[in-house]
Structures are given as structure tokens and as C-alpha cells.
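1. I would like the atomic coordinates for the input below:
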Amino acid sequence: MTPASWALQQAVFAVLATSAAVRALAGERVFDAVPRGAAFPYVVLGDAVETAAGTATDDASEHRLVVRAWSRAGGHRESKLLARAICEALDGAVLDLDGHTLIDLRLREAEYVREHDGATFRAALTFRAITEPN
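-> Numbers count the residues shown, from 1 in each chain. Model prediction:
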């Protein structure tokens, strides 16, 4: 069976890569691993944590996953617009997972940061998901 965390990552990537709102801002630049010299803005799947959330009779997993939007457009505007597009695509989404059922996917936190170089802006969106095996 496909691990729940991998099935969730694949589904999240597919939704972001095909979202009209995300594509309008980032084009096809949705990455799992950012290629060297990638043009800005772009979206990258960040770190994730999976924990057991089952009961004595049912298996389940709780996931915390981060999606980051990166910009060099001068200010927070572009990264925040991209963050909004990501949220619209994912928050409450109904996703098909290989070997698992997505029970819920919700935004938990959004962080907006100006990086130390002063030219790069980052939005980090943390989502919480609950999955159960099929």
C-alpha cells in the first residue's frame, strides 16, 4: 500500500500544479525539489509530519504539511496573493488518495517572511490533514 504521507503529497502536488489561480501567478513552477536557478515566483512542497491518530479499532493518520510560496517581486504582495491561491486550492479540498481516504484538509497557519537578503519574500502555509486507509 502507498504510504499515506506520499499519497497525500501526490494529491496536493497535482491540485496545485493544475490550479488556474496558482498557475496564473506561478506558471508551471510548482516543485517538490526546486531546480537550481528556478525563476520566481514559485511554489514548493515543504516539510511534513505524520502522526498516528487512530483508535483501538480504526487506523488513521494526522498530517502537518507545509507549502511555501516564494517571490522576489518587491514586497509581500505577490507571495500573499500566491498564498491565497494555494489556500483556495487546498483548504477543505476533496482529494483522491491512492490507498487512503482524506477525511479533512484545513489551513492551520500562514506565516509571511522577508528573507535576510531583503529581496526574497516567503509565505509558509501549514495545513492539517486526517487520512484513513481504504
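
2. low-confidence stretches in the protein?
-> Applying pLDDT under 70 to the chain flags the ranges 1.

3. at 90 instead, please
-> 1-2, 53-58 (pLDDT under 90).

4. report the secondary structure state of the residue positioned nearest the centre of the chain.
-> In the chain, the residue lying closest to the centroid (CA atoms, centre = their mean) is Val67, at 3.4 Å. Taken by DSSP: H, G, I helix; E, B strand; the rest coil, the conformation at Val67 corresponds to strand.

5. count of residues packed around Arg128?
-> 14 (other CB atoms under 10 Å). All C-beta atoms are positioned from the backbone trio N, CA, C, and that covers glycine.

6. same deal with the one 5 residues further on?
-> Pro133 sits with 16 neighbouring residues when counted by other CB under 10 Å.

7. roughly how far apart are it and Ala4?
-> According to CB to CB, to the nearest Å, Pro133 stands 7 Å off from Ala4.

8. now do Ile86
-> Distance, Ile86 to Ala4, using CB to CB: 21 Å.
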